[in-house]
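Peer 1: Whatever this is, show me its structure:
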Amino acid sequence: MSTRRVALGFAALALCAGAGIWAFQSGMGSSSKAATQSVTPEPTPVTVVAARKGVVPRIIAGIGVVAATQSVTVRPRIDGEVTEIDFAEGDIVKADDVLAKLDPRALQATLDGATAKKAQDQALLAAAQSDLERYAALADKKVVSSQDFESKKATAAQLEATVVADNAAIASAHTELSYATIRAPIGGRTGFKSVSIGSVVSANSQDGLVTISQLDPISVVFVAPGDRFGEIQQAMKDGVADVEAIATDGSRVLARGKLDLMDNIVNASNGSIRLRATFDNKSGALWPGLPVATRLTVAKVNGIVVPDKALARGSDGLSAYVIDGSQKAARHAVSVSVTTDGMAIVTKGLSDNDSIVFDGLGQIADGSTVHVLGPGNTSAPADQAVAANGSAEGH
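Peer 2: Here you go, the predicted model:
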């Protein structure tokens, strides 16, 4: 074997040995990197919300119907022909406004006759009183008998009573004549009229001229569970019994008012109790007969307020994940007293200003490392260092 061939053999052997060492080192590096990745997992992206001290109302929901605060069907109090109508259908009228007039001629004649009769009776009374004075003087001198004097005295008293009766007749005629002018008994909006000029109306008719409904303020009558009457009664005493009238499709709040009446009996057939709330209705959003949904506030509860969506449900109850300064999620068991409109009062397990997970509850567990997403930071970080920076900014 020549020297050249021996040298080439040693070179090939050295090259193979180097390749083996490189392959071994590369394998060791890959294993080390994989081990590092398994030990330090990527943080879970979440959004957070702060627990704050606040107030959440306790609500009783129901269904009700809008009712006019007052509604009066105007009927004539005398018989007569309609000679004048002074309102248009749908008008807003005030109390004592003139609505219509009936033919007053017969009533005026009755009044004039009563007035004339009083004048006649007053003249007779004056003459009788003059006779009585003269007979009194003659009776003292024994010129006339006491019987004649007593007769004159009785005549004068009778005429005095007649004049009193005349005054009563005149007052009655005045009253009857006033009924010829039909006035609004309350303020409100008029509905359809049922008479026209020339119609003959009767005091005995069941049909009125028009119905007037008071629409501002306006009422809503609704029901609540009868076994909660104690809460409702206390809410009225505390002045917190606010009521919202809401469109039946839930799209908007029509008006806000106050509960002003609770019925004095619970309906034994269905266990409910009737309630009435009063609302300002200047906007006309509520109309008699309109069905509405109602929300009655029976208490305003103070405590730590969080979104109900930020609470995790499990077999062992409710919990929240609190994020600490090292961006770790710690599971806290919580207790809730009131949940309204997606907001909950937490009575145990959280403190004011705790930062809790809102979105991402399903991807974390107790002790998980998280990355808090915030404005301008909506994607997960590339490595742990970025996660720490992102979390600090989001927090």
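Peer 1: Phi and psi next, for Ala173.
Peer 2: phi -70, psi -40 (degrees, to the nearest 10).
Peer 1: Name all residues that make contact with it.
Peer 2: Counting by Cβ atoms under 8 Å, 6 or more residues apart in numbering, Ala173 touches Leu107, Thr110, Leu111, Gly113, Ala114. For glycine as for every other residue, the C-beta is placed from the backbone atoms N, C-alpha and C.
Peer 1: Not counting sequence-adjacent ones, nearest residue to it?
Peer 2: Spatially, and ignoring its direct neighbours in sequence, Ala173 is nearest to Leu111 (3.8 Å; Cβ to Cβ, 6 or more residues apart in numbering).
Peer 1: Only the buried residues of the strand or helix carrying that neighbour, if you could.
Peer 2: If you go by DSSP states H and E, Leu111 is part of helix 105-140. Buried residues in helix 105-140, defined by neighbour count with 16 or more other Cβ atoms under 10 Å: 107, 110-111, 114, 117-118, 121, 125, 128-129, 131-132, 135, 139.
Peer 1: low pLDDT regions in the protein?
Peer 2: 1-40, 375-395 (pLDDT under 70).
Peer 1: From the recorded domain assignment, give the ranges for it.
Peer 2: Listed by automatic domain parsing, the domain ranges of the chain are 44-54+302-394, 60-69+217-301, 80-102+180-214, 104-179.
Peer 1: Endpoints of the last one, how far apart?
Peer 2: Same thing as domain 104-179. 9 Å (Cα to Cα, to the nearest Å).
Peer 1: what about the closest residue to Asp352 other than its chain neighbours, which SS state?
Peer 2: Nearest in space to Asp352, with sequence neighbours left out and distances taken as Cβ to Cβ, 6+ apart, is Lys53 at 5.0 Å. What DSSP: H, G, I helix; E, B strand; the rest coil gives for Lys53 is strand.
Peer 1: got a list of what Lys53 touches?
Peer 2: Counted by Cβ under 8 Å, 6+ apart, Lys53 has contacts Asn302, Gly303, Ile304, Val305, Asp352.
Peer 1: need the next SSE after the helix or strand hosting the third one, C-terminal direction.
Peer 2: Same thing as Ile304. Element membership for Ile304 (DSSP H and E) is strand 291-307. Once strand 291-307 ends, the next helix or strand along the chain (criterion: DSSP H and E) is strand 312-314.
Peer 1: hmm, who's touching that next one?
Peer 2: By Cβ under 8 Å, 6+ apart, the residues outside strand 312-314 that reach it are Leu318, Ser319, Ala320, Tyr321, Leu361.
Peer 1: which among those residues gets closest to Val48?
Peer 2: Tyr321 (9.0 Å; Cβ to Cβ).
Peer 1: Export the helix or strand where that closest one lies to CSV, keeping only CA atoms.
Peer 2: Using DSSP H and E, Tyr321 falls within strand 317-323. The C-alpha trace of strand 317-323 is given here as CSV (Å, rounded to 0.1, in the frame of the first residue of the first chain):
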residue,chain,number,x,y,z
GLY,A,317,-70.3,27.0,41.3
LEU,A,318,-69.2,30.3,39.9
SER,A,319,-65.7,31.6,39.6
ALA,A,320,-63.6,34.4,38.2
TYR,A,321,-60.0,34.5,37.0
VAL,A,322,-58.0,37.4,38.5
ILE,A,323,-54.9,38.5,36.7
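Peer 1: mind listing what's buried in it?
Peer 2: Buried, per 16+ other Cβ under 10 Å, within strand 317-323: Leu318, Ser319, Ala320, Tyr321, Val322, Ile323.
Peer 1: Export those residues as a markdown table, with columns for distance to Pro185.
Peer 2: Formatted as a markdown table, these follow (distance: Cβ to Cβ, whole Å):
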| residue | distance to Pro185 |
| --- | --- |
| Leu318 | 58 |
| Ser319 | 63 |
| Ala320 | 61 |
| Tyr321 | 65 |
| Val322 | 65 |
| Ile323 | 67 |
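Peer 1: From Ile273, how far off is the residue positioned nearest the centre of the chain?
Peer 2: In the chain, the residue lying closest to the centroid (Cα atoms, centre = their mean) is Glu244, at 2.5 Å. Distance of Glu244 to Ile273, given as Cβ to Cβ, to the nearest Å: 19 Å.
Peer 1: now Leu177
Peer 2: 49 Å.
Peer 1: re the thing from before, what's opposite the residue nearest to Asp352 in the beta bridge?
Peer 2: Ile304 (DSSP bridges).
Peer 1: Over to the one 10 residues further on?
Peer 2: Beta-bridge partners recorded for Ile63 (DSSP bridges): Ala293.
Peer 1: Ends of stretch 330-343, what's the gap?
Peer 2: Stretch 330-343: ends 21 Å apart by Cα to Cα.
Peer 1: Enumerate the positions of that stretch that are buried.
Peer 2: Within stretch 330-343, judged by 16+ other Cβ under 10 Å, the buried ones are Arg331, His332, Val334, Val336, Val338, Met343.
Peer 1: give me phi/psi at the residue lying closest to Gly271 once chain neighbours are set aside?
Peer 2: Computed as Cβ to Cβ, 6+ apart, the closest residue to Gly271 that is not its neighbour in sequence is Gly226, at 4.8 Å. When read as degrees, to the nearest 10, the backbone of Gly226 gives phi -60, psi -30.
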